[in-house]
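Colleague: structure, please.
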Amino acid sequence: MHAVDLQKILVAEDHAASRHMLERYLIRWGFEVVSAGDGVEALHLLDAPGAPCIALLDASLPRMDGLEVCRRIRSRAGRAFQYLLLFSAPRGAAPHAEDFHQNADDWIQKPFEVAELHARLRLARRVVGLERGVSRSRLAPEWPWGGTDNAWTGGENAPPGVSSVRHAAAAHPAA
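Modeller: Okay, the predicted model is just below:
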């Protein structure tokens with residue numbers, strides 16, 4: 001199983017100066033940055049092998065807006081979780097609540113405070129790490145007593161998150 005690359009991020013912004021400014025901050029914060037100038041290119045990069053696990057998407061990208069990129073990513077079954085953060089200009093309307101909650105993970109309005117963006121991206125890293133950890137433990141639960149028939153044995157019919165409790169406890173033992 002491949003390790004999750006929590007450092008790789010996509011910046012999809014059609015305004016070159018804004019994209020370069022974001023790239024500089026992201027590199028300073030330790031991210032490996034992949035960039036796109038429109039939604040079609042962003043979707044292609046998010047679908048490619050080794051795709052970023054976090055995407056910072058302008059809501060008003062040309063050729064395909066950021067929300068449509070989110071919709072298409074979320075509509076594909078069986079893919080690894082990707083954290084999708086939309087941003088928009090002050091005059092741009094916030095995404096419709098239903099669309100946003102079903103497709104994007106977060107939304108921030110420009111101009112945003114650099115510290116706020118940094119905090120949201122630190123949270124995105126944690127969410128991706130936890131989400132992918134849960135996915136791995138659901139696919140191959142490692143309960144020492146085995147079993148496949150109930151939540152207590154890590155079985156196939158375990159409710160969401162049950163297997164992840166053991167996984168999280170093993171990953172972060174008490175001091």
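
Colleague: counting contacts, what elements does the helix or strand harbouring R132 pack onto?
Modeller: Assigned by DSSP states H and E, R132 belongs to helix 114-139. Here helix 114-139 touches helix 16-28, strand 54-58, strand 83-88, strand 106-109, helix 162-171, going by 3 or more Cβ pairs under 8 Å, 6 or more residues apart in numbering; DSSP states H and E. For glycine as for every other residue, the C-beta is placed from the backbone atoms N, C-alpha and C.

Colleague: now those as TSV including distance to V40, mean pLDDT and mean neighbour count?
Modeller: Output for those, formatted as TSV (distance: least, Cβ to Cβ, whole Å; pLDDT from 0 to 100; neighbours: other Cβ atoms under 10 Å):
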stretch	distance to V40	mean pLDDT	mean neighbour count
helix 16-28	16	96	14
strand 54-58	12	96	28
strand 83-88	16	91	23
strand 106-109	21	88	16
helix 162-171	35	46	16
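
Colleague: include distance to D47 when you put those into TSV, please.
Modeller: Shown next, in TSV, are the helices and strands packed on helix 114-139 (distance: least, Cβ to Cβ, whole Å):
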stretch	distance to D47
helix 16-28	20
strand 54-58	11
strand 83-88	13
strand 106-109	21
helix 162-171	26
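
Colleague: to A115, which of the ones you listed lies closest?
Modeller: Taking Cβ to Cβ as the criterion, A115 comes closest to helix 16-28 out of these, the separation being 10.5 Å.

Colleague: contacts for the closest one, please.
Modeller: Contacts with helix 16-28, where a contact means Cβ atoms under 8 Å, 6 or more residues apart in numbering, come from 9, 11, 13, 33, 35, 37, 56, 114, 117-118, 121.

Colleague: pull the most distant pair out of the residues you listed.
Modeller: If you compare every pair in those using Cβ to Cβ, the most distant one turns out to be G37 and H118, at 23.4 Å.

Colleague: okay, now the unreliable bits of this structure?
Modeller: Low-confidence segments of the chain, defined by pLDDT under 70: 1-4, 89-102, 134-175.

Colleague: more neighbours, G37 and H118?
Modeller: The neighbour comparison of G37 against H118 (other Cβ atoms under 10 Å) goes to G37, with 18 against 14.

Colleague: and that one, what does it touch?
Modeller: With contact set as Cβ under 8 Å, 6+ apart, G37 has these partners: 12-14, 16, 19, 62.

Colleague: now those residues as JSON lines including distance to L84?
Modeller: Written out in JSON lines, the entries for the contacts of G37 read as follows (distance: Cβ to Cβ, whole Å):
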{"residue": "A12", "distance to L84": "10"}
{"residue": "E13", "distance to L84": "14"}
{"residue": "D14", "distance to L84": "17"}
{"residue": "A16", "distance to L84": "22"}
{"residue": "R19", "distance to L84": "17"}
{"residue": "P62", "distance to L84": "18"}
